[in-house]
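# Give me a model of this one.
(2 chains)
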Amino acid sequence: MNFLVGAFKPPCSVSIVFADGRTRKQVPLKKENGQTVMVPLFQSQENIVGEVVIEPVQGKKVEHNGVKIELLGQIELYFDRGNYYDFTSLVRELDVPGELYERKTYPFEFSTVEMPYESYNGVNVRLRYILKVTISRNYVSNIVESQDFVVHNYTPLPSINNSIKMEVGIEDCLHIEFEYSKSKYHLKDVIVGKIYFLLVRIKIKNMELEIRRRESTGSGSNTYVETETLAKFELMDGAPVRGESIPVRLFLSPYELTPTYRNINNKFSVKYYLNLVLVDEEDRRYFKQQEITVYRLLPTP
Amino acid sequence: MIADGVENEEKWLAAGIAGLQQNAFYMHRALDSNNLRDALKYSAQMLSELRTSKLSPHKYYELYMRAFDELRKLEMFFKEEARRGCSIIDLYELVQHAGNILPRLYLLCTVGSVYIKSKEAPAKDVLKDLVEMCRGIQHPVRGLFLRSYLSQVSRDKLPDIGSEYEGDADTVVDAVEFVLQNFTEMNKLWVRMQHQGPAREKEKREKERSELRDLVGKNLHVLSQIEGVDLDMYKDTVLPRVLEQIVNCKDEIAQFYLMDCIIQVFPDEYHLQTLEILLGACPQLQPSVDIKTVLSRLMERLSNYAASSAEVLPEFLQVEAFSKLNNAIGKVIEAQVDMPIFGAVTLYSSLLTFTLHVHPDRLDYADQVLGACVKKLSSKGKLDDSKATKQIVALLSAPLEKYNDIVTALKLSNYPRVMEYLDIETNKIMATVIIQSIMKNNTRISTADKVEALFELMTGLIKDLDGAEEEVDEDDFKEEQNSVARLIQMLYNDDQEEMFQIICTVKKHIMTGGPKRLPFTVPPLVFLSLKLVRRLQGSSQDQEENPFGDDSSTSPKKIFQLLNQTIEALSIVPAPELALRLYLQCAEAANDCDLEPVAYEFFTQAYILYEEEVSDSKAQVTALHLIVGTLQRMHVFGVENRDTLTHKATGYSAKLLKKPDQCRAVYGCAHLFWVDDQDNMKDGERVLICLKRALRIANAAQQMSNAARGNTGSVLLFVEILNKYLYFYEKGNPQITVAAIQSLIELITTEMQSDNSPPDPAADAFLASTLRYLQFQKQKGGAISEKYEAIKV
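Presented below is the predicted three-dimensional model:
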């Protein structure tokens, strides 16, 4: 039995260690198998420095045709599962072909890496960054070990941030005016606004604000659009009368939002919408949807 | 179906409570283990039970109170958390993550309360945020309860003057602003209830609304409790804002309740100083609002305030409270065309009470009010509304109660005019009230004018009014007339001239009373006049030196003339016995005044009555005894007149129907010839004749009895005659001899021992005591003894 186990086990263990692994911020990442692991967080233009440790199993030698480490940025579309599209690919050769008898450490460094897109795990698409170590071997399959990491890119405060203001309605039935103080929100922002009822002739039961995420993947005829409602936030209970104004205050922090992504590498987009929904006593829904831009603000230390 | 609804409601309530308790249980567990996240989660779920629409306000309140208790625990926990270092600001944000608005806002208010306490932010900012966020609840019942919760938790945290939350940035203005805003929003929600739901459930809705009104009113109470709300602030901010909301909401129920609330919760001196503003709002209210109650209560409060201390009275004058109220009432009555007459009268009645309390010295004000009332009533004619009538009675009673003196009320020229509008029954009641007031206070009505006015007021009692001749209860009628009689007796003036005028006035009025009333009213008038006669007589003796004494226009003669007419009036009743007695009284009075012709005239009248009107034999006996009694005391008559009268009287005696009556009348007449203190009127001869005649009649009576019944009857008459003999014997009548007395005694004893006579214990006793008297007189000694010694028994 031992013989069998030994035969399929890789002859060595490979691990990737980041130089600042102890201090760097870790964020949760959901793996394909559904488990969540903590992985280091980077942003574009950072140096990714560390070392690869290869330790052959006791008493075994590893013959190889060279060792390399790659930094890959990949987009995976689920309708095209198995095909990764690498938008970033950097390679560092770590060792020339030879044999390994004992534990060996290879330092590596990718300086000021351009990582324009953020890691994203959507319904139909995934964008991820990995470090991949490959020990190439003859006759037998290569030994491959990879390490995920997450990239977040920060955006400065937008210089222009207009409010959203609009009057909508159904003639002689319902006229409302709503106002959200901004059109661009950072992830921990608060949506503040007001809904004015200018004319109410229907029996409204309640009103809520939804945050919806629209993920569109592919292009042309192969476009897939997936819309999720991330938040349903009740704004009003009961029927207002003409002249009432209802305050809006919605904290975004409890929801798992990402920044808005527009046409990432021509592969996908993620957009956010505020959907104001009025429900009448017959459960008919009246709604108006407005796009908002979500961005990631550098957390103030 | 309704019962079904109630049952269902019970079920829903039970379910709600169960859900609430379950989540409260988990919440407690989370609190015990300091698990903030779970605490928030379960408290939000617990509060979700309050999202129900199925409960009536009453049941909803039950649910709310349970949630309220739980929230107190949560608040304690938040305080603990804050002390442990949890940022209260974060907490304030955290609770706002709840997706459902109602639980979110309850939690927000709860944390907000802790937030203010922590003083990490100015109280006013937190309050403002809370009151603003609560707008999210537009459902009336849920909104009212939520805001009431907000009001409850913030009450002790308002930045009031002297409160620990007062600061540079937080002033009482903010506190007031907060409460006003919450009040306005709550009122809007409350009013809105009226217009939601089907029309057929209007009644149910109004009931529900009335259950909720205190939630709204509470805000006004909070306002009144804020120390910093002084008169200026009340006048400039609070009252105008509250009134604005009241007027604008255009809701009958709200307007009535809130106006009343204002009046009840704020201090009286504020009302006094802001009367104009407050009253200005009244005509702007909906026409259906029961404004009279509102104003009545206001005036009632102000009246009590005025009554509380004399020091505040100048304030009333300073602000011209009366004219303002008077104006306002006028305007309100004008504005509310449909106001029932009852409402208007209530208003006037309150205003009158007010002015009586505040301006007791200004009778013109009171009269003004009555005048306005008359004006209003005149457009309606006689009242048939019992409520309005009641109010008028109250209106009219008010001055009586206040002044304890009808005299003052009589100065109110509009007073009788108001009374005219009462129906007969009420008019009588009112008149009785007036009389009772006079009795109670022993008021002296001392001039003819006042008497005139007073009788004018009491017309209902004095005469039959036009219109319905309703069945009057005999006892009630007697009661009424007796009270009128008592009233007449109370009229008095020291000045005889004026007194005579009073009498004339009274006479004029009572003469209109009709046959039913005269027997009650004539006697007091007669005696009132006789009293005056006595006084005149007394004073004329004092005035003998006054050469003008005889010119005095009020003379007994005049009064007697008047009396004659008065008594004559009784003939229409007819009440001959009463008239006869009164004539005799008058005769006696005339006797005292030495007016022979007058006295003779009265006797004549009495005799005529006796002859023509008194036909009942019993009445004749009584009348005759009265005549004899009176005549005996008369000394004014000359021999001729006296003879005529005595002769007549003896003649009447002999003509009585029953023998015993005849006998008694005859021996009574004996007295007419023997007046003790007048020597010229001692005619022993005729006395004896009378007594002998009495004996004869007594004999005849016995024989008649013997013939008719077979026994001789009682000897009582003989004993009585014996007593007369003894009387005159003792008085020294020479015609009465010892022999006659002795033979009479023998006759009596023989009669009593005879088998023929029935036993008569009364006669036996009478005889025994007569004989005892004889014995007694014998032993007394002196001249009398000697006299009696002669009589041997």
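# Any figure for the gap between the residue in the stretch 601-750 of chain B that chain A sits nearest to and B:Ala623?
Closest approach between the stretch 601-750 of chain B and chain A, counting by C-beta to the nearest C-beta: B:Glu613, at 87.3 Å. Bear in mind the C-beta positions are built from the backbone N, C-alpha and C, glycine included. Distance, B:Glu613 to B:Ala623, using C-beta to C-beta, to the nearest Å: 10 Å.
# out of these two, which sits in the busier spot?
Comparing B:Glu613 with B:Ala623 by other C-beta atoms under 10 Å in any protein chain shown, the one with more neighbours is B:Ala623, at 23 against 17.
# Around residue 43, count how many other residues there are.
Went with chain A since none was named. So A:Gln43, with other C-beta under 10 Å, has 15 neighbours.
# Chain B is the one I meant
28.
# and the helix or strand hosting it, what does it pack onto?
Per DSSP states H and E, B:Ser43 falls inside helix B:36-48. Helix B:36-48 sits against helix B:2-32, helix B:57-83, helix B:101-118, with contacts defined as 3 or more C-beta pairs under 8 Å, 6 or more residues apart in numbering or on different chains; DSSP states H and E.
# Check which residues of it are buried.
B:Leu36, B:Ala39, B:Leu40, B:Lys41, B:Tyr42, B:Ser43, B:Ala44, B:Gln45, B:Met46, B:Leu47, B:Ser48 (16 or more other C-beta atoms under 10 Å in any protein chain shown).
# okay, the fifth one: pLDDT?
Meaning B:Tyr42. B:Tyr42 carries a pLDDT value of 96.
# Where does the prediction get shaky in the chain?
This is for chain A. Along chain A, the model assigns pLDDT under 70 to residues A:1-9, A:301.
# wait, I meant chain B there
The low-confidence ranges in chain B, as defined by pLDDT under 70, are B:1-4, B:381-384, B:404-405, B:465-472, B:540-553, B:712-713, B:755-756, B:793.
# I'd like the distance between the residue most central in space within it and B:Lys390.
By C-alpha atoms, centre = their mean, chain B has its centre lying nearest to B:Val433, at 6.0 Å. Plainly put, B:Val433 is 12 Å away from B:Lys390 if you go by C-beta to C-beta.
# Let me see the contact set for B:Asp170.
The contact partners of B:Asp170, by C-beta atoms under 8 Å, 6 or more residues apart in numbering or on different chains, come to B:Pro122, B:Ala123, B:Lys124, B:Pro159.
# Most neighbours among these, which one is it?
B:Ala123 (27 neighbours).
# correct me, but that one touches B:Lys157?
Yes: counting by C-beta atoms under 8 Å, B:Ala123 does reach B:Lys157; the two are 6.1 Å apart.
# hmm, back to that, what does the helix holding B:Ser43 contact?
Helix B:36-48 has contacts (C-beta under 8 Å, 6+ apart) with B:19-20, B:23-24, B:26-27, B:29-31, B:67, B:70-71, B:74, B:77, B:81, B:86, B:94-95, B:98, B:100, B:102-104, B:106-107.
# Okay, helices next: where are they in the stretch 551-700 of chain B?
For the stretch 551-700 of chain B, the helices defined by DSSP state H, counting those that start in this stretch occupy B:556-569, B:576-592, B:596-612, B:617-633, B:639-654, B:659-669, B:684-709.
# now the helix holding B:Ser43: how far from the chain's centre is it?
Helix B:36-48 sits 63 Å away from the centroid of its parent chain (C-alpha atoms, centre = their mean, to the nearest Å).
# CA atoms only for it, dumped as PDB, please.
Provided in PDB are the C-alpha atoms of helix B:36-48 (Å, rounded to 0.1, in the frame of the first residue of the first chain):
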ATOM      1  CA  LEU B  36     -24.300  42.300  19.700                       C
ATOM      2  CA  ARG B  37     -24.900  40.900  16.300                       C
ATOM      3  CA  ASP B  38     -27.500  38.400  17.500                       C
ATOM      4  CA  ALA B  39     -29.000  40.900  19.800                       C
ATOM      5  CA  LEU B  40     -29.700  43.200  16.800                       C
ATOM      6  CA  LYS B  41     -30.900  40.300  14.700                       C
ATOM      7  CA  TYR B  42     -33.400  39.100  17.200                       C
ATOM      8  CA  SER B  43     -34.500  42.400  18.300                       C
ATOM      9  CA  ALA B  44     -35.200  43.300  14.700                       C
ATOM     10  CA  GLN B  45     -37.200  40.100  14.300                       C
ATOM     11  CA  MET B  46     -39.000  40.800  17.500                       C
ATOM     12  CA  LEU B  47     -40.000  44.300  16.400                       C
ATOM     13  CA  SER B  48     -41.100  42.900  13.100                       C
END
